[in-house]
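S.K.: Below is the structure, and that's it, no one-letter string:
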């Protein structure tokens, strides 16, 4: 897709404190990394360790931190800012608006809408979407192609559902929630009791409640509660391929990276971060501000405000020391063998 942004549009978007140089092109035509940027592209530098790459970059517009000592080449414009990553993100927002234009409001003729569903006139329902009995779709919502909104579901203002999203019955979604392709909210929790040699299914009659400004990545699944709700707190961001069990309570502004798994009835405080493939067993609490490194697994309660690693989870510094020692085990074993041989020889 062709992108073209005027310099004025860029400058209006970026909060810069000073600039050097002169833009050698009429418009900005893309955003790229230092190595891949070509003439017309914008890029950013947040650290002095990339100075050499910056000197070799062909980018026309470069967003840098205030204290970075660098001068523009001919035809380059440098903008100095507090946080280059955030400012370049603002520019990407402009481009994304052009790449993914909001579709016109209205219900596609190939959508299947239950007569009792309430759809705001400013919402967009795309082809082959299904809206169930008593469902509510709020102002400015977009329900993508092939998505299914079950009975009695509620979508707050400004939600965006990509293609093939499934909301099972009674799911509640707040305002400005973005849900990517293949997500399933409100499927049955994994609940069984062993009786007379068989696994008896426990009906899951709760729901899923998602707060405002949440983003849920592709193919993530969040199970409905056994009785009450499974909750996702306001502002939390969930990556692709995450599994959240029944009656889990995720606090506000949490970060759950790809392949995180959280078993039923576990509670996460606000601002918890779980790295890729981290996990938590059921019926435990992870305190606010806790950070779990990749593949870390919590089997018991964890205090908030601390960093953890390993399985089972231990303080991250201790885990890192153990990792270093573990790598030295072959060498230490050889040394021990030599010492034993020397002692036995005496």
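M.R.: Cool, got the structure. Treat the numbers as computed from the prediction; the structure is a model and nothing was measured.

S.K.: can you give me the helices in the stretch 151-300 of the chain?
M.R.: Shown for the stretch 151-300 of the chain, no helices are assigned by DSSP state H, counting those that start in this stretch.

S.K.: so where's the stretch 201-346 of the chain shaky on pLDDT?
M.R.: For the stretch 201-346 of the chain, applying pLDDT under 70 flags the ranges 346.

S.K.: any idea how far the closest residue to residue 105 other than its chain neighbours is from residue 139?
M.R.: Excluding its sequence neighbours, the residue lying closest to residue 105 (C-beta to C-beta, 6 or more residues apart in numbering) is residue 122, at 5.0 Å. Glycine gets a C-beta too; all of them are placed from N, C-alpha and C. With distances taken as C-beta to C-beta, to the nearest Å, residue 122 is found 5 Å from residue 139.

S.K.: any idea how this structure splits into domains?
M.R.: For the chain, automatic domain parsing gives the domain ranges 5-99, 168-320.

S.K.: Just name the most buried of those domains.
M.R.: Most buried of these by mean neighbour count (mean count of other C-beta atoms under 10 Å) is domain 168-320; its value is a mean of 19.

S.K.: before we move on, the earlier item: tell me which element the residue nearest to residue 105 falls in.
M.R.: In the assignment (DSSP states H and E), residue 122 maps to no helix and no strand.

S.K.: Same question for the one 5 residues further on.
M.R.: For residue 127, there is no enclosing helix or strand under DSSP H and E.

S.K.: Now do the contacts for it.
M.R.: The contact partners of residue 127, taken as C-beta atoms under 8 Å, 6 or more residues apart in numbering, are 108-111, 145-146.

S.K.: Isn't the residue nearest to residue 105 up against residue 140?
M.R.: Yes. Under the criterion of C-beta atoms under 8 Å, residue 122 makes contact with residue 140 at 5.3 Å.

S.K.: Who has more neighbours out of those two?
M.R.: Neighbours per residue, other C-beta atoms under 10 Å: of residue 122 and residue 140, the larger number sits with residue 140, 19 against 14.

S.K.: And the more buried one, how far from residue 120?
M.R.: Using C-beta to C-beta, we find residue 140 at a distance of 7 Å from residue 120.

S.K.: same deal with residue 259?
M.R.: Counting by C-beta to C-beta, the gap from residue 259 to residue 120 is 36 Å.

S.K.: one step back: can you lay out the domains of the chain as a markdown table showing distance to residue 158?
M.R.: Shown next, in a markdown table, are the domains of the chain (distance: least, C-beta to C-beta, whole Å):
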| stretch | distance to residue 158 |
| --- | --- |
| domain 5-99 | 14 |
| domain 168-320 | 4 |
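
S.K.: Tell me which residues touch the nearest residue to residue 21 once chain neighbours are set aside, please.
M.R.: Leaving aside its chain neighbours, residue 21 sits nearest to residue 72 (3.1 Å; criterion: C-beta to C-beta, 6+ apart). For residue 72, the contacting residues are 20-22, 62, 78, by C-beta under 8 Å, 6+ apart.

S.K.: How about residue 103?
M.R.: For residue 103, the contacting residues are 124, 126, 142, by C-beta under 8 Å, 6+ apart.
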